[in-house]
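> got a sequence here, can you model it:
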Amino acid sequence: MSSLVFRGFSRIYDKREENVEEKMPETALNVVLLRHTPEPEEVVAMAAKLCYSPANVEDLKEKIEAKDQTAFVEKLATVGHLSPIEHITFTFGVEGISRACSHQLVRHRLASYSQQSQRYVREEQFDYVIPPSIKQDPEITREFEKFMAEAQANYTRVLKRLEELGIKGESGNQDARYLLPNAAETKIVVTMNARELLHFFRVRCCNRAQWEIREMAERMLSLVKGAAPTIFGKSGPGCLYANCPEGKMTCGKIEEVRKKFGVKK
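Numbers count the residues shown, from 1 in each chain. Alright, predicted model coming up:
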């Protein structure tokens, strides 16, 4: 980069704008179940029945439709035959989460993601997530909000300077975004099959999961229970019906967790 560009950046940061403490909107989590496989538990029952039946596909469909699938689908979970539930998928729209949260989410690789791009979407005024531990203290909350405002001001100044240098549109956005914090809000569409969702809820509804992704997972679980109550009726953290899988790292609140998820044991 030329000395002219460095001098330009120096002018940007030396000439601080006033009123950087102006508060920007704090975002709020919103999770929507956009779509799911129609008649999901019927689909699972047909897939599973096919494994054990000599009937052709059309006969199988009629037999499944003519009887209650609940007991059969419950039996699948009991015997650990989970491959049939991979045939049903659920698509969620999620907004009001931080980039820190989305980085954890995309570690679940048996899923499909479409995330709002900071390269193509210019952050004219980004919303952000404030952790509860910070919100409980007014002084550090003010410092947090001040930092967010400064980040916004710096991002805007750098974008403007890049445009003056002829670096515009996505070319400028993709470099200016390096100034955006992990707290910045993102939006994402997520699709998972039911088997992966069971795993996701097992690890992310756990008390030891980070608070933000745990809240998101609990919202998602509530939504899929309405669509497929037999499959997800007993879903949740790994300690609901067995010993805590975290071992020595347990939160020590197993009874409290079970009560929260409506489990009596």
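> where along the stretch 151-265 of the chain do the strands fall?
For the stretch 151-265 of the chain, the strands defined by DSSP state E, counting those that start in this stretch cover 185-193.
> check contacts around the most centrally placed residue in the chain.
Geometric centre of the chain, nearest residue: residue 105, 5.1 Å, by Cα atoms, centre = their mean. Residue 105 makes contacts with 97, 113, 188, 190, 213, 216, as judged by Cβ atoms under 8 Å, 6 or more residues apart in numbering. Bear in mind the C-beta positions are built from the backbone N, C-alpha and C, glycine included.
> same check on residue 60?
Here residue 60 is in contact with 46, 49, 50, 53 (Cβ under 8 Å, 6+ apart).
> that one in helix, strand or coil?
helix (DSSP: H, G, I helix; E, B strand; the rest coil).
> how close does it sit to residue 45?
According to Cβ to Cβ, to the nearest Å, residue 60 and residue 45 sit 9 Å apart.
> rewinding a little: any chance of the contacts of residue 105 in JSON lines, plus distance to residue 178, pLDDT and neighbour count?
Putting those into JSON lines (distance: Cβ to Cβ, whole Å; pLDDT from 0 to 100; neighbours: other Cβ atoms under 10 Å) gives the following:
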{"residue": "97", "distance to residue 178": "20", "pLDDT": "98", "neighbour count": "23"}
{"residue": "113", "distance to residue 178": "22", "pLDDT": "98", "neighbour count": "15"}
{"residue": "188", "distance to residue 178": "20", "pLDDT": "98", "neighbour count": "17"}
{"residue": "190", "distance to residue 178": "25", "pLDDT": "98", "neighbour count": "24"}
{"residue": "213", "distance to residue 178": "24", "pLDDT": "98", "neighbour count": "23"}
{"residue": "216", "distance to residue 178": "26", "pLDDT": "98", "neighbour count": "26"}
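> out of those, which comes closest to residue 197?
residue 190 (9.9 Å; Cβ to Cβ).
> does the closest one touch residue 92 like I think?
Yes: with contact defined as Cβ atoms under 8 Å, residue 190 counts as touching residue 92 (4.9 Å).
> let me know the closest of the contacts of residue 105 to residue 254.
Nearest to residue 254 among those: residue 213, at 20.5 Å, using Cβ to Cβ.
> just checking, the closest one touches residue 103?
No: using Cβ under 8 Å, residue 213 is not in contact with residue 103; the gap is 9.7 Å.
> which other helices and strands does the strand or helix carrying residue 134 contact?
In the assignment (DSSP states H and E), residue 134 maps to helix 132-135. Packing partners of helix 132-135 (3 or more Cβ pairs under 8 Å, 6 or more residues apart in numbering; DSSP states H and E): helix 138-164.
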